[in-house]
Structure formats: C-alpha cells, structure tokens
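In: How does the following fold in three dimensions:
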Amino acid sequence: MNKASIRVESLVIPTYPEPAKEEMPLFAEYRVHQRSTGRPYPNKATLDVDRQHRQDKTYTVVHMENEYLDVLIMPEIGGKIYAAKDKTTGYDFFYRQHVVKPGLIGAFGSWVSGGVEFNWPFHHRPSSDYALEACEDGSVVCWLSEHDPIDRMKGMVGVVLRPGATYLETRVKLCNRTETTKSFLWWENAAAPGNEQYQIFFPKDVTYVNFHYLDLHTSYPIAGDTTYNGIDMKTARDISMHKNTHDATSYFACASKYDFFGGYDHGKQCGVVHIADHHISPGKKMFTWGYNQLSKNWENTLTDTDGQYAELMAGSYTDNQPNFSWLEPYETKEFSQYWYPISKIGIPDYANLRCAAIRFSLSQPKRSARCTSRCAQTARYFLQQRWR
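Out: Model prediction:
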C-alpha cells in the first residue's frame, strides 16, 4: 500500500524581525479590525514593523508529500500552509512567499501574507502548536491548534494528505469549553498568485456578489450600472478577471447550491479549486488589493520580490464578514474543506471532490476533466452525466 509521508525539517527564509510587543494592556474596546471589534486584551499586540534588519532565519516546517502534492506547513508564522506544489506541473497553487515580512494587518499587529491561514475565532489570527499523525490507511495529518485567551475557546485544524490523491483536506474542530454561548468566525484564507491573467470562478448560479455587511451588491461576472464600495462600476466590466478591479475590495458570492469555487491563471494554465459542503460552508469570497498606488504600497509592505496576490476565502457557518456564528456551551463543531490544483482545462463549469470539468456545446464533442485521484474512470463517468 502506498503511503503519504510526513516529516519535520528546517527551512531558512530571509526575515524581517518582529519588534517587541506592547507590554501595556490594550483595552481597545472600539478598535476596528476587519470590520469587527478588534480588542486584543488579554493578548499582547505589535504596534510597529522593522524594515532595517533583514536576516536569514531557520524555521521548523512540516513537510507532507505523496505522488502528486508537495506541501509545507509552518507553525512558527501563524500555523499556516506555507506552500503547496502540484508535482505534475511544478505549479505552486497557493501564493508562496520567499521572505517573511510582517505588516500591521493582523488582529494583534504582525501578519504575514501567503499560503493558507485559518482565521479563528475571528480574522487574521495565528496558531502555533502542532502534532503529527500517521493513519492506518496511509494518510498523514498535521494538526494545528490554538487556544483563544479572549473567550477561552479551542480551535484545531488537521491538514490531511492521502496517498494517491491530489487534494488536501483541512479537518476542523472548534470547541467552546465554557458554560456560556460564544461567537466565532471560520474563514480559510488562501492566497493566490494574482496577476492580470488570473480569474476567479464561482458556480454558474452566482449572479451577483455582496460587499461586507451585505449592504452593497453588484452583478456577477459582468458588473455595471452601479457604485460598489465607492468604486464606479457604471461602465460594464468582467470582475471575475483580476485585472478589472483597480481598487482594493471584496466580492462575496451570493447563495449557491454548489460546493466549489476557485481561481485560474490563464497564462500558466493552472489554478486551484476549493470544495466544501455548501450547507455548512457557504462562504465564497475573493479579495484583491487591485491595481493602484495602494496596491503597490501593500505589495512593498508584505513582500520583496513575489509580487501581487489575491485572497480566495472560504467561510464555514458564515457567508459574509463579520457575520459571526455561535457555539453553545461546551459545543464542538466538526467539518472539512478541501483544496486541489487543476491544469490545462480552463475555468471549470462544475467541480466536486472527484474531478473538475468543462462542459462543451454539442458542436464541440471533446470533453475535458482533471481527476483528483488516480482513477480516471471517475472523470469519464462524470463527463457522461448531464448537469444544469
């Protein structure tokens, strides 16, 4: 039986050090963070950056690998998936940083872009503890864990890699360890290597998108005849194309009955698909810094040489920010999300955990699909079916 591998290694990355945290308690009750209350206490916050002392630093990384995927996880920079490569194409389907350059975006100050971060119990929060697990079926798991000092809750995510599969599972457990009801958000934030040829795709039943608070809307994929988040969109444009949004903004998909979304780089003919049960994980979002002076400033703030990125965010128990959900006293919620790379098929019309595929017209008899396992019969069966 084939097995996926997991091992602990070291990786040297050029790093801008984090300044000392503020020692005085910050009772900032009305501090706004990602449009929700950003009170840090009892956590300590970093209030400055250091751009003068870049140096090489050795990090502990968890290296997971099977026949198709090569994955790095870094507990020390927020407990995130640092990089994930499709071994069949050499494509990093998440944005890979080659420098650790914190910016003041996180709930407690320092935040590093790239990879996949797990936002819990609200936006841009770090996790650090980790444990490794090898399963009888040959799969491996890297568990990342965080205790929340603010509400005394516990959050865990297991990054699962199976033998013979080209998808990653993120297996989540959220625990309210207290006797009172607590609010929470869960968004998986995947950075994508954005450029002018990158395109976000939502299911075909997504005909409009929302802004934060659900108070602004515009049609999708062709936006027009409106002002959205202060952006004049009266001239029609295809906002699924990354190049057509010049100002920083977010697009939250309207309710969809399908379980997928993702992004595709037409220049490299590669992309990424996200899969999750839409009854549990309805949130489908794209954030972009856009193409203006602000985007250039943030690019310089967060990286040295790796350029632009966009964020593909997947919400569980929420479809907008900051629409919090609830954990009852001593309640635990468990769910999974999935990510996998695609290549040379363009924008998929439909995707599930077995394959992503394009539907052609009757005048085009060819079919195209990308399997997520070694069994091509799954794709052939899928492409023989009709879907609307």
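
In: Tell me the pLDDT of Asp129.
Out: pLDDT for Asp129: 85.

In: next one: the strand or helix carrying Glu169 to chain centre, how far?
Out: Element membership for Glu169 (DSSP states H and E) is strand 168-176. Averaging C-alpha positions (CA atoms, centre = their mean, to the nearest Å) puts strand 168-176 14 Å from its chain's average.

In: What pairs with that strand, parallel or antiparallel?
Out: strand 153-161 (antiparallel), strand 332-343 (antiparallel) (DSSP bridges).

In: Just the CA atoms of it, as PDB, please.
Out: What follows is strand 168-176, C-alpha atoms only, in PDB (Å, rounded to 0.1, in the frame of the first residue of the first chain):
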ATOM      1  CA  LEU A 168      -5.700  18.500   0.600                       C
ATOM      2  CA  GLU A 169      -8.300  18.200   3.400                       C
ATOM      3  CA  THR A 170      -8.500  20.700   6.200                       C
ATOM      4  CA  ARG A 171     -10.300  18.900   9.000                       C
ATOM      5  CA  VAL A 172     -11.600  21.300  11.600                       C
ATOM      6  CA  LYS A 173     -12.700  21.000  15.200                       C
ATOM      7  CA  LEU A 174     -14.000  24.100  17.100                       C
ATOM      8  CA  CYS A 175     -14.700  23.800  20.800                       C
ATOM      9  CA  ASN A 176     -16.500  26.100  23.200                       C
END
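
In: what's downstream of that strand, the next helix or strand?
Out: strand 182-184.

In: Run through the bridge partners of Ile6.
Out: Met64.

In: if I pick it, what's in contact with it?
Out: Ile6 is in contact with 62-65, 132, 134, 140-142, 161, counting by CB atoms under 8 Å, 6 or more residues apart in numbering. For every residue, glycine as well, the C-beta is placed using N, CA and C.

In: Repeat that for Pro40.
Out: 26, 28, 31, 107-108.

In: Let me have the residues you listed in TSV, extended by secondary structure, neighbour count and distance to Pro75.
Out: Shown next, in TSV, are the contacts of Pro40 (DSSP: H, G, I helix; E, B strand; the rest coil; neighbours: other CB atoms under 10 Å; distance: CB to CB, whole Å):
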residue	secondary structure	neighbour count	distance to Pro75
Leu26	coil	17	25
Ala28	coil	14	28
Arg31	coil	13	27
Ala107	coil	22	18
Phe108	coil	20	17
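
In: can I get those in JSON lines with pLDDT and distance to Asp148?
Out: Converted to JSON lines, these look like this (pLDDT from 0 to 100; distance: CB to CB, whole Å):
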{"residue": "Leu26", "pLDDT": "85", "distance to Asp148": "16"}
{"residue": "Ala28", "pLDDT": "82", "distance to Asp148": "17"}
{"residue": "Arg31", "pLDDT": "80", "distance to Asp148": "17"}
{"residue": "Ala107", "pLDDT": "85", "distance to Asp148": "11"}
{"residue": "Phe108", "pLDDT": "86", "distance to Asp148": "12"}
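
In: Gln34 and Met24, how far apart?
Out: Between Gln34 and Met24 the distance, using CB to CB, to the nearest Å, works out to 23 Å.

In: follow-up on the earlier one: between the contacts of Ile6, which sits nearest Leu353?
Out: Proximity of the contacts of Ile6 to Leu353, judged by CB to CB, is greatest for Leu161, which lies at 14.3 Å.

In: Please name the bridge partners of that closest one.
Out: Assessed by DSSP bridges, Leu161 has beta-bridge partners Val140, Leu168.

In: Then Gln337?
Out: Beta-bridge partners recorded for Gln337 (DSSP bridges): Thr170.

In: surely Gly346 meets Ile358?
Out: Yes. Between Gly346 and Ile358 there is a contact under CB atoms under 8 Å: 5.9 Å.

In: what number of residues lie near Asn352?
Out: 16 (other CB atoms under 10 Å).

In: What of Lys296?
Out: As a burial measure, Lys296 scores 13 neighbours (other CB under 10 Å).

In: And Gly158, by the same measure?
Out: Gly158, neighbours per other CB under 10 Å, totals 18.

In: tell me the contacts of it?
Out: 133, 141-144, 169-173.
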